[in-house]
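Trainee: sequence and predicted structure, then a few things I'm wondering about:
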Amino acid sequence: MTTTATADELATATGIAQQILGAGTLRGVPATLVAAEHGGLGRDHAVHGEVCRLVAEVSPSLQSQVTVHSMVCRALERWGSAQVKAVHLPGLASGRAMGAFALTEEDAGSDIRGVAVRAEPTTDGWRLDGTKRWVTFGLDADCFLLFAATTGGPVALLVLSTDDGVTLTPSPRTSGLAQSRLADLRLESCVVPQDRRVSSPGTALSHVATDALLLGRLSVAFAAWGLARSALRLAVERSVVRKQFDGPLHDRQLVRGLLADASVAVDATAELCRKAARAMDARDEWAVHHVLTAKLFASRTATSVAATAAQLHGAAGLVDGSPVDTLVRDARVFEVIEGNTQLLQDLVAGQVLARFRSGDDHDA
């Protein structure tokens, strides 16, 4: 399985990323992964990943919009009814409308089975009550893929920002990804028509959420790689221009060790991310393992390389709002979103054991 991006993939991804960065928003940019028949670009995970990397190298916060919007598009395209695809997917795929992923609640984070927002059946749909928290780019979203509990099991519904009973308020500002427009989504007797149901009760978490989160984890892995690349550039630059003890920092052996370790980690991250994207495109039976591995390693790499950059910048790297300080804060978020580090360790171990029991040689 090749882990090298082709010239076409890089050129396409660069063009898409430049559109997003130039506009400062994903709005107006067609979705990379959605089929052309629905208004998207119909490209593969390899291109999508490179887009995530390139945007994150400049703005990790803006890249988070790419992640969540792609997750919503994926869910609607794969699991939505014909009517949902006909009415709502084209707007999302073309970039005319923005989607957000509403899963997290006050007491439902990594354990998504703890969803407490209720969906009660009505004569014409579902009545929703409860609050979703930390919805990324929720303040700018036109619709939300929302997961709610029912007596028959969790259900996935498409909620519009204009629906009666929907109230959006800014979430507390986070130290990392501070420009990701987080929102709390409050629902008070909000009625969603039956034709906006994305999953049957009982399949929302096992199918829709799991599938969307897999794409989210791939996206975050590439984003973390992009952030790590930016941090490495800052670290190397600092080692060249900063003079101490009658010479540049990079003349010090321990500093060279920091740079070497950071470079090796970034290169390894590239291999894992691209391998995961290829596995998803090939529908490899162990694609989940590859994605989980990439997300776990990439997010840790982002944290460690950003810390190296900060260390080499000394007091300048601790200045609130400085480029290095911002990268350190943003990197920490990548170890939390779309599955925190400890959860991913558990999931990766499960995949390793499953591969061992299956007799897989683990080389693919």
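Mentor: Looks like it arrived, so ask away.
Trainee: show me the strands in this structure, by range?
Mentor: Assigned strands in the chain, in chain order: 99-102, 118-121, 125-135, 143-148, 155-160, 166-170, 183-193, 243-244, 247-248 (criterion: DSSP state E).
Trainee: want to throw those strands into JSON lines with mean pLDDT?
Mentor: Formatted as JSON lines, the entries for these read as follows, by pLDDT from 0 to 100:
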{"stretch": "strand 99-102", "mean pLDDT": "97"}
{"stretch": "strand 118-121", "mean pLDDT": "94"}
{"stretch": "strand 125-135", "mean pLDDT": "95"}
{"stretch": "strand 143-148", "mean pLDDT": "96"}
{"stretch": "strand 155-160", "mean pLDDT": "96"}
{"stretch": "strand 166-170", "mean pLDDT": "97"}
{"stretch": "strand 183-193", "mean pLDDT": "96"}
{"stretch": "strand 243-244", "mean pLDDT": "85"}
{"stretch": "strand 247-248", "mean pLDDT": "87"}
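Trainee: to Ala331, which of the ones you listed lies closest?
Mentor: strand 125-135 (17.9 Å; CB to CB). C-betas here are computed from N, CA, C, even on glycine.
Trainee: partners of that closest one in the sheet?
Mentor: Strand partners for strand 125-135, identified by DSSP bridges, are recorded as strand 118-121 (antiparallel), strand 183-193 (antiparallel).
Trainee: and the angle from it to strand 155-160?
Mentor: Here strand 125-135 points in a direction 80 degrees away from that of strand 155-160 (axes from the mean of the first three to the mean of the last three CA atoms, to 10 degrees).
Trainee: which helix in this protein runs the most residues?
Mentor: In the chain, assigned by DSSP state H, the helix with the most residues is helix 210-241.
Trainee: tell me the helices and strands packed up against that helix.
Mentor: Applying 3 or more CB pairs under 8 Å, 6 or more residues apart in numbering; DSSP states H and E, we find helix 210-241 packed against helix 45-58, helix 60-79, strand 247-248, helix 253-281, helix 287-313, helix 323-334.
Trainee: which one of the strands paired with strand 125-135 lies nearest to Ser70?
Mentor: Among the strands paired with strand 125-135, strand 183-193 comes nearest to Ser70, with 18.3 Å by CB to CB.
Trainee: hey, C-alpha coordinates of the closest one in CSV?
Mentor: Extracted C-alpha coordinates of strand 183-193, given in CSV (Å, rounded to 0.1, in the frame of the first residue of the first chain):
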residue,chain,number,x,y,z
ALA,A,183,-22.0,26.6,20.6
ASP,A,184,-24.3,25.1,23.1
LEU,A,185,-27.5,23.9,21.4
ARG,A,186,-30.6,24.0,23.5
LEU,A,187,-33.8,22.2,22.4
GLU,A,188,-37.2,23.0,23.9
SER,A,189,-40.1,21.1,22.5
CYS,A,190,-38.3,21.2,19.1
VAL,A,191,-40.3,19.2,16.6
VAL,A,192,-38.3,17.6,13.8
PRO,A,193,-40.4,16.1,10.9
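Trainee: centre of the chain versus that strand, how much separation?
Mentor: Shown here is strand 183-193, whose average C-alpha point lies 24 Å from the average C-alpha point of the whole chain (CA atoms, centre = their mean, to the nearest Å).
Trainee: for stretch 85-105, same thing?
Mentor: If you compare the mean C-alpha spot of stretch 85-105 with that of the full chain, they lie 15 Å apart, counting by CA atoms, centre = their mean.
Trainee: buried set for it?
Mentor: By neighbour count on 16 or more other CB atoms under 10 Å, the buried set for stretch 85-105 is 85, 88-95, 97-105.
Trainee: roughly how far does Met280 sit from Leu128?
Mentor: Applying CB to CB, to the nearest Å, one obtains 32 Å for the distance of Met280 from Leu128.
Trainee: now stretch 45-60: mean pLDDT?
Mentor: For stretch 45-60, the per-residue pLDDT values average out at 98.
Trainee: pLDDT below threshold where in the chain?
Mentor: 1-3, 110, 361-364 (pLDDT under 70).
Trainee: quick one, domains of it?
Mentor: Using the TED database, the domains assigned to the chain come out as 7-94, 99-201, 205-358.
Trainee: neighbour count: Met280 and Leu128, which is higher?
Mentor: The residue with more neighbours, out of Met280 and Leu128, is Leu128; 25 against 21, by other CB atoms under 10 Å.
Trainee: please name the nearest non-neighbouring residue to Leu249.
Mentor: Leaving out its chain neighbours, the residue that sits closest to Leu249 by CB to CB, 6 or more residues apart in numbering is Ser239, at 4.3 Å.
Trainee: cool, and Ala141?
Mentor: With CB to CB, 6+ apart as the measure, Ala100 is the residue that lies nearest to Ala141, at 3.7 Å, once sequence neighbours are left out.
Trainee: check Val236 too.
Mentor: Leu259 is the one closest to Val236 (CB to CB, 6+ apart), at 6.3 Å.
Trainee: my guess is that neighbour contacts Asp251, does it?
Mentor: No - between Leu259 and Asp251 there is no contact, the gap being 11.6 Å when judged by CB atoms under 8 Å.
Trainee: mind saving the C-alpha coords of stretch 239-258 as CSV?
Mentor: Extracted C-alpha coordinates of stretch 239-258, given in CSV (Å, rounded to 0.1, in the frame of the first residue of the first chain):
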residue,chain,number,x,y,z
SER,A,239,17.5,27.1,16.2
VAL,A,240,19.0,28.9,13.3
VAL,A,241,18.3,32.5,14.2
ARG,A,242,18.7,32.4,18.0
LYS,A,243,22.3,32.8,19.1
GLN,A,244,23.6,31.6,22.5
PHE,A,245,27.1,30.8,23.7
ASP,A,246,28.7,32.3,20.7
GLY,A,247,26.7,30.3,18.2
PRO,A,248,23.3,29.3,16.9
LEU,A,249,21.1,27.1,19.1
HIS,A,250,21.4,24.2,16.6
ASP,A,251,25.1,23.9,17.5
ARG,A,252,24.1,22.5,20.8
GLN,A,253,23.9,18.7,20.8
LEU,A,254,20.8,18.5,23.0
VAL,A,255,19.0,20.9,20.7
ARG,A,256,19.9,18.8,17.7
GLY,A,257,18.5,15.9,19.5
LEU,A,258,15.2,17.7,20.0
